[in-house]
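Participant: missing the sequence, but the structure's below:
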RNA sequence: GGCGCUGUAGCCAAGUGGCUAAGGCAGCGGAUUGCAAAUCCGCCAUCAUGGGUUCGACUCCCAUCAGCGCCU
């Protein structure tokens, strides 16, 4: 039995995108006399505003917010860095005698806050590129075979095509001499919902999808394209993560002439719905969640 | 009214007499521990309808219906 990580007893408000977390979070924070910690992998980026549906400056004046606009669009980030930053924020908040309320829809981050992650080595991109190249040279099964020879438990859990996780597992083994399957025990520490304060905003699927469509339209009305052009004008090299953000990726493609605006909007809507569906899969798998 | 073309899953689309009807998109489900708004996996049709030919038809023939085009 692993002890619950230090932040697991904070308040959490999550749910699929476009479900109204920001508004509810603001209300809840005021009642709890809490400060809000953003639980969102994209709101971290400065300059990505309308596409990430960040809380407005006005909203941020009503309740203080943390972990919004803390990195540049060209910076890479990681789950572990997020956790470290979150711990720092919560420590600050507590030193002021207040409570921390996490609000946002990045379920991986949520799970890590609730259950912790293993103390593994950071990404070594050089090493990853090397594995990547070799994998391409040796064919689809090769990576999986490599992992199976050093960590059969991990290999069994991972699909042979799951290159990213295969490579990370290999990376951990190479860096630490220990199989990743031995390191990763944290996620087994599930707790029942009634011992936690994790709330998930739930909607009928159709309602949620309609809200998503409306939000995407609203983002374009609010100048999503102009925002991205402005970032491009500053000549920044968007980080891997920022470049893949929903809405940004598609508009970037549109700006290089890959498809027209109407198609781009439609595509972002369906991608966003698919994302919401994946978020829901996460929440269903987390015993800590209470559905509202 | 006549002639011609087309009719395969929600959409796009291979197949053209004989293995369990390619593939893509969407949809649904799952995974997810240092890129996570990303990435990976699984499921998902009996071929417009009715007859006929044949050992055997999505594939050939006839009729019907629908769409498209042309003609009167």
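Facilitator: It's in. Being a predicted model, the structure only gives us computed values, none of them experimental.
Participant: what ranges do the helices span in chain A?
Facilitator: A:21-32, A:57-62, A:79-95, A:107-115, A:125-138, A:142-150, A:152-157, A:163-176, A:180-183, A:205-221, A:224-233, A:240-243, A:248-255, A:261-285 (DSSP state H).
Participant: dump the ones you listed into CSV; add mean neighbour count, distance to RNA strand B and mean pLDDT as well.
Facilitator: (C-beta placed from N, C-alpha, C; glycine too.) What follows is the helices of chain A, written out as CSV (neighbours: other Cβ atoms under 10 Å; distance: least, Cβ to the nearest atom of the strand, whole Å; pLDDT from 0 to 100):
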stretch, mean neighbour count, distance to RNA strand B, mean pLDDT
helix A:21-32, 17, 11, 94
helix A:57-62, 12, 15, 94
helix A:79-95, 16, 3, 95
helix A:107-115, 21, 3, 96
helix A:125-138, 13, 6, 92
helix A:142-150, 18, 11, 94
helix A:152-157, 16, 7, 94
helix A:163-176, 19, 5, 95
helix A:180-183, 18, 7, 92
helix A:205-221, 16, 5, 96
helix A:224-233, 16, 10, 92
helix A:240-243, 17, 3, 94
helix A:248-255, 19, 6, 95
helix A:261-285, 16, 4, 96
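Participant: between the ones you listed, which one is nearest to residue A:191?
Facilitator: helix A:107-115 (7.5 Å; Cβ to Cβ).
Participant: just how off-centre is the closest one within its chain?
Facilitator: If you compare the mean C-alpha spot of helix A:107-115 with that of the full chain, they lie 9 Å apart, counting by Cα atoms, centre = their mean, to the nearest Å.
Participant: now for it, which elements pack on it?
Facilitator: strand A:11-14, helix A:79-95, helix A:261-285 (3 or more Cβ pairs under 8 Å, 6 or more residues apart in numbering; DSSP states H and E).
Participant: show me the contacts for residue A:59.
Facilitator: Each residue near residue A:59 by Cβ atoms under 8 Å, 6 or more residues apart in numbering is listed here: A:22, A:26, A:65.
Participant: just to revisit the earlier point, now the helices of chain A as a markdown table including distance to residue A:70?
Facilitator: Output for the helices of chain A, formatted as a markdown table (distance: least, Cβ to Cβ, whole Å):
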| stretch | distance to residue A:70 |
| --- | --- |
| helix A:21-32 | 18 |
| helix A:57-62 | 13 |
| helix A:79-95 | 7 |
| helix A:107-115 | 14 |
| helix A:125-138 | 21 |
| helix A:142-150 | 34 |
| helix A:152-157 | 32 |
| helix A:163-176 | 24 |
| helix A:180-183 | 28 |
| helix A:205-221 | 22 |
| helix A:224-233 | 17 |
| helix A:240-243 | 13 |
| helix A:248-255 | 18 |
| helix A:261-285 | 22 |
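Participant: which one of the ones you listed lies nearest to residue A:196?
Facilitator: Using Cβ to Cβ as the criterion, the shortest distance between residue A:196 and those is 7.1 Å, found for helix A:107-115.
Participant: and the angle from the closest one to helix A:79-95?
Facilitator: Helix A:107-115 and helix A:79-95 meet at an angle of 60 degrees, taking axes from the mean of the first three to the mean of the last three Cα atoms, to 10 degrees as the criterion.
Participant: please enumerate residues in contact with helix A:107-115?
Facilitator: Outside helix A:107-115, the residues that touch it by Cβ under 8 Å, 6+ apart are A:2, A:4-5, A:7-8, A:10, A:12, A:14, A:39-41, A:79, A:82-83, A:86, A:102, A:104, A:186-191, A:196, A:198, A:279, A:282-283, A:286, A:288.
Participant: what's the PyMOL line that selects buried ones from those?
Facilitator: If you want just the buried ones from the contacts of helix A:107-115 in PyMOL, going by 16 or more other Cβ atoms under 10 Å, the selection is:
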select buried, chain A and resi 4+5+7+8+10+12+14+39+40+41+82+83+86+102+104+186+187+191+196+198+279+282+283+286+288
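Participant: hmm, residue A:116 and residue A:183 touching each other?
Facilitator: No. Assessed by Cβ atoms under 8 Å, residue A:183 is found out of contact with residue A:116, at 11.6 Å.
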